[in-house]
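what follows is a predicted structure for the sequence shown.
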Amino acid sequence: MKAALIVRNGSPDKAFEIRDVEHPKPQAHEICIEVEAFGLNYADVMARLGLYQDAPPLPAIVGYEVVGRIHELGTDVKDKEVGQRVVAMTRFGGYAEYAVTDARAVAIIPEDMDAGKATALATQYGTAYYAAEEMSRLHEGDHILIHAAAGGVGTALVQLARWRGCTIFGTAGSDEKLDYLKAQGVHYPINYRKQDFVREIEKVVGDRGLDVVFDSIGGNYIKKGLKLLGAGGRIIGYGAASMTGKNLFGKIGVALGFGFHSPISLLTHSKSIIGVNMLRIADHRPLVIKRCLENVVRLTEEGILNPVVGGTFDFENIADAHALLESRKSMGKIVVYVRK
C-alpha cells in the first residue's frame, strides 16, 4: 500500500515521501480500515518539525484520524462488520491507504456524511468534547475564552459553547477570521494581532472574570488566562502552538512563559489548570475515546455540530496541506483524500 512518510524534519516540501509500505494487519482488538480520507492536526506539524515527543522515529507515518470502510476485523472484535463506513482515531499511521486502530476508537457514520466533515469528528471534535463536556462541563451563562477559535478544535469548541448557551470570546489573527468567528456565533471576536485580548475581555467581564479558558497556545497565554479567570474558573490547556518556529532559546522562553503555579495559590483563588492530551487518554482510557467519538457523531447527525472544511488536498499534495496548516491562515478542518 502507499503511505506518506515523514523522512526528515523540516519544511513540508522536503519532509515527505510517498512510498510503498507493508499492509498493516490488525491485532485481536483492532480494526483495519480502507482509508477514504484523513485529516490534519497541528500535532502533525509539530511532529514534522521534530517538536512532538510522542511521534514515532523517522521515517514515520503520522496521522490521528481517518474516514473509510472497515476492511478487516481483529479476532476479538464482535460489534463491527466489514464494509461499515466509519470515522476512527488512530495512534499515528493515518497517512496511508490502510490504517489500523483500536476498535474502541471507531464510530460508525452515515453513508451520506461528507468525508471531510467526518474527519474533523475524531481528534478535533473529540478533543473539544472531552475538554468542554467532560473536563469542564459548560453551563448556560458561562463566560468563556477560546484561543485560536477559527481552527478545527476552536470551531468545535465554539459550536459546543453555543449549544450550551455560553457567552463566547474568541481570538484569531486576521479580520477574515473574525468574520468567520462572528458567523459561527462568537459574541466577542478579538484580533490578537491588533488588540490586547486581556484588556478587551476585562472591559466586558469586569470583576466577574471568565469561567473557562480553552488554550492551545501555551507560554504566557497561560498566565494571562489565569489573570482573567474568576473564582471557580479553569484553564483547559491542550496545545503549545507558541513553540512552533522557535529556536532553542525561544522554546526555553515559551516554557518559562507558562509560569510556576503553586497549588496553594490555586486553592486560595479557587482556580484550576487542566491539561488534555488525547493520546494519553486513548492509551489509558480507551472507553473515554469511544464515548466522546460516539457523542460527537450523534450531535453531528442531530445538527448541533457542523464541522467546517477549510481545505481539501489530494494524497500526492500532502506537503501543500501541511504548508497551509502551518501558515495559520486556514479555518476549520484540512482534509487529504486518499480515494474519491
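Structure received. Numbering: from 1, shown residues only.

the stretch 51-200 of the chain: strands as residue ranges?
For the stretch 51-200 of the chain, the strands defined by DSSP state E, counting those that start in this stretch cover 65-73, 85-89, 98-102, 106-108, 143-146, 167-172, 188-191.

give me the helices and strands touching the shortest one, please.
When you say that, I think you mean strand 106-108. Counting contacts by 3 or more CB pairs under 8 Å, 6 or more residues apart in numbering; DSSP states H and E, strand 106-108 is packed against strand 85-89, helix 286-301. For the C-beta atoms, the positions are set from N, CA and C on the backbone; glycine is no exception.

could you say which of those is packed most deeply?
Each of the helices and strands packed on strand 106-108 was scored by mean neighbour count; the highest is strand 85-89, a mean of 26, by mean count of other CB atoms under 10 Å.

picking up where we left off before, okay if I get the helices and strands packed on strand 106-108 as TSV plus mean pLDDT and distance to K2?
Listed next are the helices and strands packed on strand 106-108 as TSV, based on pLDDT from 0 to 100; distance: least, CB to CB, whole Å:
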stretch	mean pLDDT	distance to K2
strand 85-89	97	19
helix 286-301	95	26
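
can you tell me which of the ones you listed comes nearest to F214?
F214 sits nearest to helix 286-301 of all the helices and strands packed on strand 106-108, at 15.5 Å, using CB to CB.

re earlier: in a markdown table: the helices and strands packed on strand 106-108, plus distance to S265.
Below are the helices and strands packed on strand 106-108 laid out as a markdown table (distance: least, CB to CB, whole Å):
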| stretch | distance to S265 |
| --- | --- |
| strand 85-89 | 36 |
| helix 286-301 | 30 |
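
pull the number of nearby residues for the nearest residue to D175 once chain neighbours are set aside.
Once flanking residues are discounted, D175 sits nearest to N191: 6.5 Å by CB to CB, 6 or more residues apart in numbering. Other residues near N191 number 16, with proximity taken as other CB atoms under 10 Å.

is it true that N191 touches D179?
No. Judged on CB atoms under 8 Å, N191 makes no contact with D179 at a distance of 10.8 Å.

make sure D13 is actually in contact with A319.
Yes. Using CB under 8 Å, D13 makes contact with A319 at a distance of 5.0 Å.

neighbour count for these two, which is higher?
A319 (17 against 10).

state the helix or strand in which that one lies.
helix 318-326 (DSSP states H and E).

buried ones in that helix?
By 16 or more other CB atoms under 10 Å, the buried positions in helix 318-326 come out as 318-322, 324-326.

residues making contact with the helix or strand that it is followed by?
Per DSSP H and E, helix 318-326 leads on to strand 333-337 as the next helix or strand towards the C-terminus. Residues outside strand 333-337 that contact it (CB atoms under 8 Å, 6 or more residues apart in numbering): 36-40, 95, 115-117, 119-120, 124, 152, 155, 307-315, 317-318, 321, 324-325.

domain boundaries for the protein, per the record?
If you go by automatic domain parsing, the domain ranges for the chain are 2-124+285-337, 136-275.

okay but I274 is in contact with Y238, surely?
No. Taking contacts as CB under 8 Å, I274 lies outside contact range of Y238: 9.1 Å.

looking at those two, which is more packed in?
When neighbours are counted by other CB under 10 Å, Y238 comes out ahead of the other of I274 and Y238, with 21 against 13.

in this protein, what helix or strand scores lowest on average pLDDT?
Least confident helix or strand, the chain: helix 248-257 with a mean of 47, by mean pLDDT, DSSP states H and E.

how about the nearest residue to the residue nearest the centre of the chain, chain neighbours excluded?
The C-alpha lying nearest the average C-alpha coordinate of the chain belongs to Q124 (CA atoms, centre = their mean; 3.3 Å). Nearest residue to Q124, sequence neighbours excluded (CB to CB, 6+ apart): G152, at 3.8 Å.

sounds good, over and out.
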